[in-house]
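>>> the following block contains a protein sequence and its predicted model.
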Number of protein chains: 2
Amino acid sequence: MDKYYTITELTREFGVSTRTLRFYEDEGLIHPERRGRTRLFRAADRHLIKEILRGRRIGFTISEIREIIQVYKDPPGEMGQLQLLMRKVGEKRDELRQKRRDIDETLAELDNVEEACLTRLAEIGVGT
Amino acid sequence: MDKYYTITELTREFGVSTRTLRFYEDEGLIHPERRGRTRLFRAADRHLIKEILRGRRIGFTISEIREIIQVYKDPPGEMGQLQLLMRKVGEKRDELRQKRRDIDETLAELDNVEEACLTRLAEIGVGT
DNA sequence: AAAAAAATTGACTTTCACGTAAAAGTTAAT
DNA sequence: ATTAACTTTTACGTGAAAGTCAATTTTTTT
């Protein structure tokens, strides 16, 4: 009988709106079951939602996320498609590595900003 | 006499459109000089554009980028503002760290996808 | 069974980050 | 001087990813 989740349980867990989850269904990213018209989310859906939100956080578009998800469900059977996919994977990898460098640089910059703040605070603190 | 750059030089260097750079000016991120109505970009602008694009790559909004830039030009003089800023810096830091985790996980996933592809390719390759 | 709470669909709206087109002015090269 | 290439402003358009609102079901609670 496998536990299932209601839509609002999941919206609370993940901090998204119901609209968002329905949107993801419309976009073909998840396929919750139905009891009548009401959606029943299973563990698999829940897991997918996690992946979707992770993809979202790092800036993937819906269709990019859809593509990645599809590969698991059904890796392309045709040669050309496979090669295309692999090329894309390579590109994504490069992109993500660049992003990680960007993040590291920005983290360093935030350290500077913070230090500037502390200095400023000290200046002000002394004067009062 | 300090070298300056035309707008198209920079669009070519950074792979963005003129519209984008003008938009950044409208948004108050850069302030190129003018000779008549024509924009003259200096090294400082060029550097800022680099930062803006880096921020963009990791998903910062224009106003977030603007905030960061402002701190350099003019760190807030008022106590409350400073504390607010430092709180924000802390939040950004957390956000970026989360993003880095997301990226690492996704990179691992890409490895899986690639392996699935290779396996599939081998299967197909044998049959032909 | 009646009332209250939750879920559904559908349509319209919003925000962000530019794109695009038009019309006109500017500069550089021939 | 003319052409070509570039640049400017103004203003409307666009796509992605939801948000919002309204009008129904459906489900749950009393």
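In hand now; what should we look at?
>>> so which bits of chain A are right by DNA strand C?
Proximity of chain A to DNA strand C is assessed by CB under 7 Å from any atom of the strand, with A:6, A:7, A:8, A:9, A:18, A:19, A:22, A:37, A:38, A:39 identified as the residues in range. Just so you know, the C-beta spots here come from the backbone N, C-alpha and C atoms, and that holds for glycine as well.
>>> hmm, 6 Å instead?
Taking CB under 6 Å from any atom of the strand as the measure of proximity, chain A contacts DNA strand C at A:6, A:7, A:8, A:18, A:22, A:37, A:38, A:39.
>>> ok, how many other residues are close to residue A:88?
For residue A:88, the neighbour count with other CB atoms under 10 Å in any protein chain shown is 16.
>>> again, but for residue A:22
Neighbours of residue A:22 under the rule other CB under 10 Å: 14.
>>> can you pull the contacts of residue A:71?
Residue A:71 makes contact with A:85, B:113, B:116, B:117, according to CB atoms under 8 Å, 6 or more residues apart in numbering or on different chains.
>>> mind listing which of the residues you listed are in helices?
Under the assignment DSSP state H, those contribute A:85, B:113, B:116, B:117 to helices.
>>> which of these sit farthest apart?
Within the ones in helices among the contacts of residue A:71, A:85 and B:116 form the most distant pair, 9.4 Å apart (CB to CB).
>>> the two - which one has more neighbours?
Each of residue A:85 and residue B:116 has its neighbours counted (other CB under 10 Å); residue A:85 has more, 21 against 16.
>>> if I look at residue A:104, how far off is residue B:14?
Note on residue A:104: its distance to residue B:14, by CB to CB, to the nearest Å, is 20 Å.
>>> show me which of these two is the more surrounded one.
For the pair residue A:104 and residue B:14, the greater number of neighbours falls to residue B:14 (15 against 12), based on other CB under 10 Å.
>>> quick one: mean pLDDT for stretch A:78-97?
On average, the pLDDT along stretch A:78-97 is 90.
>>> hmm, that stretch in reach of chain B?
Yes. Applying CB under 8 Å from any CB of the partner chain, one finds stretch A:78-97 touching chain B at A:79, A:82, A:85, A:86, A:89, A:92, A:93, A:96, A:97.
>>> helix, strand, or coil at residue A:107?
For residue A:107, the secondary structure call by DSSP: H, G, I helix; E, B strand; the rest coil comes out as helix.
>>> so it touches residue B:95, yeah?
No. Taking contacts as CB atoms under 8 Å, residue A:107 lies outside contact range of residue B:95: 10.4 Å.
>>> follow-up on the earlier one: anything in contact with each of residue A:85 and residue B:116?
Counting by CB under 8 Å, 6+ apart, the shared contacts of residue A:85 and residue B:116 are A:71, A:75.
>>> so residue A:2 makes contact with residue A:44?
No. Between residue A:2 and residue A:44 there is no contact under CB under 8 Å: 10.0 Å.
>>> which one of the two has more residues nearby?
When neighbours are counted by other CB under 10 Å, residue A:2 and residue A:44 differ, and residue A:44 comes out ahead with 11 against 6.
>>> distance check, the more buried one against chain B.
Plainly put, residue A:44 is 16 Å away from chain B if you go by CB to the nearest CB, to the nearest Å.
>>> flag every residue of chain A that's near DNA strand D.
A:17, A:19, A:20, A:23, A:35, A:36, A:37, A:38, A:56, A:61, A:62.
>>> mind telling me the two of these farthest from one another?
Among those, the pair separated by the greatest distance (CB to CB) is A:36 and A:61, at 32.6 Å.
>>> these two: which is more packed in?
Under the neighbour definition other CB under 10 Å, residue A:36 and residue A:61 were set side by side, and residue A:61 has more, 10 against 6.
>>> look at that one and report its pLDDT.
Residue A:61 carries a pLDDT value of 94.
>>> phi and psi next, for it.
For residue A:61, the backbone dihedrals (degrees, to the nearest 10) come out as phi -80, psi 170.
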